[in-house]
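S.K.: Here is my input, please return the structure:
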Amino acid sequence: MRYTLFDGQRDAIILLARILLMILFVLSGWSKLTGFEGTVGYLGSLGAPAPTVAAAVAVIMEFFVAILLILGFYTRPLALLFALFVLGTALIGHPFWNMVEPARAANMTQFFKNMSIIGGLLLLAVTGAGRFSLDRR
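M.R.: Numbering: from 1, shown residues only. This next block holds a predicted model:
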């Protein structure tokens, strides 16, 4: 059996990772929830299909599902679902390949930030929520 530096803190680190991965989404989701009409308008301006439905999905995912992931509830399937959601937001919200500078550079950074988040979500789907979670109860 191989031991690493973080073996004793594995579950605490996974908890910290869940919090750090989702805190941005909780804050963004709350903003979308409390400014729902503005969210609908913004998504409409991006050309999102059914902007009211898209806004509702964004609120559900970014606020409610993100909180569930922080709590470690159904972590593996919700992390996979969230990864698909983040991929969709990257494709709809940051299509840098259709842009010119300076918007291209800014949106390329945002697009690849989303890809990095997807990487963290996939890792969470593989590792699970750890001991400090509702999944473990």
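
S.K.: which stretches of the protein aren't confidently modelled?
M.R.: In the predicted model, the chain carries pLDDT under 70 at residues 1-3, 5, 137.

S.K.: Would you map the helices across it?
M.R.: Ranges of helices in the chain, per DSSP state H, are 10-34, 36-45, 51-59, 66-71, 75-93, 103-127.

S.K.: for those, which one sits closest to L134?
M.R.: The closest of the helices of the chain to L134 is helix 66-71. By CB to CB, the value is 5.2 Å. No exception for glycine: its C-beta is placed from N, CA and C like everyone else's.

S.K.: Same list (the helices of the chain) but as CSV, adding distance to T4 and mean neighbour count.
M.R.: Shown next, in CSV, are the helices of the chain (distance: least, CB to CB, whole Å; neighbours: other CB atoms under 10 Å):
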stretch, distance to T4, mean neighbour count
helix 10-34, 9, 16
helix 36-45, 43, 15
helix 51-59, 38, 18
helix 66-71, 24, 20
helix 75-93, 22, 18
helix 103-127, 14, 15
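
S.K.: who wins for proximity to D135 among those helices?
M.R.: Ranking the helices of the chain by proximity to D135 (CB to CB) places helix 75-93 first, at 5.4 Å.

S.K.: Which strands or helices does the closest one pack on?
M.R.: Contact analysis of helix 75-93 by 3 or more CB pairs under 8 Å, 6 or more residues apart in numbering; DSSP states H and E lists helix 66-71, helix 103-127 as its packing neighbours.
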